[in-house]
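J.: A structural model of the following input is requested.
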Amino acid sequence: MKYFILPIAALLLISCGGNSDQSSAGNYADITISMDTVVVDSGDEILMAATNFYNQTLNQSADRLYFWNYRSHILEIVDLNEMVFLEKRRFEKEGPNGVGQFPNRIILIGEDKIGFVQWAQINIADMNGNLLKTISIDEDWMKGELNENESLIPYGFSDDGETLYCAIATPQRLNSNFIEVDLTNKKTKLIELTEFDKREKFRVTFTVEMNGGISTSTAPPSLDYTRHKDKLIFCTNVFNNIYQFDPKTNSLEYITISNSLTPNEKIKDYENDVNSEEAFFRIMNEIQEEVSFSNLLWDDVNHVFYRITSFNMPRIDQEKIKSKVFISIISEDFKVINEKEITDNVDGVPNGYSGVC
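T.: Below is the predicted model of the structure:
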């Protein structure tokens, strides 16, 4: 029997005092935080999921973790309720069921399909490895809302796989909008996240001439997309505020979330374009010393969101970077019920947490 530690590193266990009425804010008046290592029974298997966080994907109900090993074309599946490894599934590179030579990431579609992303192409297969269809995200009809040199970055699908949501890649100023792609009717819709345009203030780009050409490295702030029931939540690590989009009504709402223990956004001014590697990393570190926000994680048992807020402390010589870390409990209508500093409960900024009441 083998066990492995998931590289989500730690699980925050959040217990809530008070009465049994889950709708009462008083139920969260006293938060107890503990930290545990996520250990999974892998049977006799050696799992690549234990080696890195990249390419780990959760299903919508957050009870299955999928790890895509693009080198071996093997999908590893872990049951997060029972903390046991379930199985490995191999997908073909070529042939009638080939999902591509270099699909470096996956997108889950409902509970029974997977999109394998390779450059400007998504190969969609079922969980048994049967290729269902191939989608190009570089077709002319998809580019109506794009400027020259912009391209689509696929983020997620509707459950039926007929609608694709994409961010926009651009070589110049950041574009914070999303594109809703109707694959059935071949139509696109621009989702304008205008308040997120301020992300541009916190981008840093290093450009240098190299071997007769130009090499560019960019560190942009995050732009994230999560689904909550029938709606989409867009957020960034720069602001506490979010956007919520309802595809059924085509309505977009900008929602203010206010914490009292930390600032609610980054505020400083930075040099965005630098010509030395030293300046690039210095400014990156300075930006990380301002407040940052995680995605909102929905707790389907207690019907609240959890969110991690953090900022790095100034680094002293070559010491390990230390962070101040906080957690917020947020109602379904995005009101902060409670918040607490948890720096002493964690070793760094956690990226896995759950609630227990």
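J.: just the mean pLDDT for stretch 129-149, thanks.
T.: For stretch 129-149, the mean pLDDT works out to 94.
J.: between the two ends of that stretch, how far is it?
T.: For stretch 129-149, the first-to-last residue distance is 34 Å (C-alpha to C-alpha, to the nearest Å).
J.: so which bits of it are buried?
T.: 129, 131, 135, 137, 142, 143, 145, 146 (16 or more other C-beta atoms under 10 Å). No exception for glycine: its C-beta is placed from N, CA and C like everyone else's.
J.: contacts for that stretch?
T.: By C-beta atoms under 8 Å, 6 or more residues apart in numbering, the residues outside stretch 129-149 that reach it are 89-92, 96-99, 113, 115, 120-126, 151-152, 154, 164, 166, 168, 170-172, 175, 177, 179, 181, 183, 186-188, 190.
J.: circling back: JSON lines for the buried residues of stretch 129-149, including secondary structure?
T.: Listed next are the buried residues of stretch 129-149 as JSON lines, based on DSSP: H, G, I helix; E, B strand; the rest coil:
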{"residue": "129", "secondary structure": "coil"}
{"residue": "131", "secondary structure": "strand"}
{"residue": "135", "secondary structure": "strand"}
{"residue": "137", "secondary structure": "coil"}
{"residue": "142", "secondary structure": "helix"}
{"residue": "143", "secondary structure": "helix"}
{"residue": "145", "secondary structure": "coil"}
{"residue": "146", "secondary structure": "coil"}
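J.: need the max-distance pair from those.
T.: Taking C-beta to C-beta, the two most distant members of the buried residues of stretch 129-149 are 129 and 145; they sit 34.5 Å apart.
J.: picking that back up, got a PyMOL select line for the buried ones in the contacts of stretch 129-149?
T.: The buried residues among the contacts of stretch 129-149 can be selected in PyMOL (16+ other C-beta under 10 Å) with this line:
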select buried, resi 91+97+98+99+113+115+121+122+123+124+125+151+152+154+164+166+168+175+177+179+181+183+188
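J.: in strands only, show me the contacts of stretch 129-149.
T.: Among these, the ones falling in strands (DSSP state E) are 89-90, 113, 115, 121-126, 151-152, 154, 164, 166, 168, 179, 181, 187-188, 190.
J.: does residue 284 belong to a helix, a strand or coil?
T.: helix.
J.: ok, how many other residues are close to it?
T.: 14 (other C-beta atoms under 10 Å).
J.: ok, for it, nearest residue in space, not its chain neighbours?
T.: Closest residue to residue 284 apart from its sequence neighbours, by C-beta to C-beta, 6 or more residues apart in numbering: residue 219 at 5.2 Å.
J.: likewise residue 163?
T.: In space, residue 163 is closest to residue 182, 5.9 Å off (C-beta to C-beta, 6+ apart).
J.: tally of neighbours for the one you found?
T.: So residue 182, with other C-beta under 10 Å, has 14 neighbours.
J.: can you pull the buried residues of stretch 68-86?
T.: Buried, per 16+ other C-beta under 10 Å, within stretch 68-86: 68, 69, 70, 73, 75, 76, 77, 78, 80, 85.
J.: that'll do, ta.
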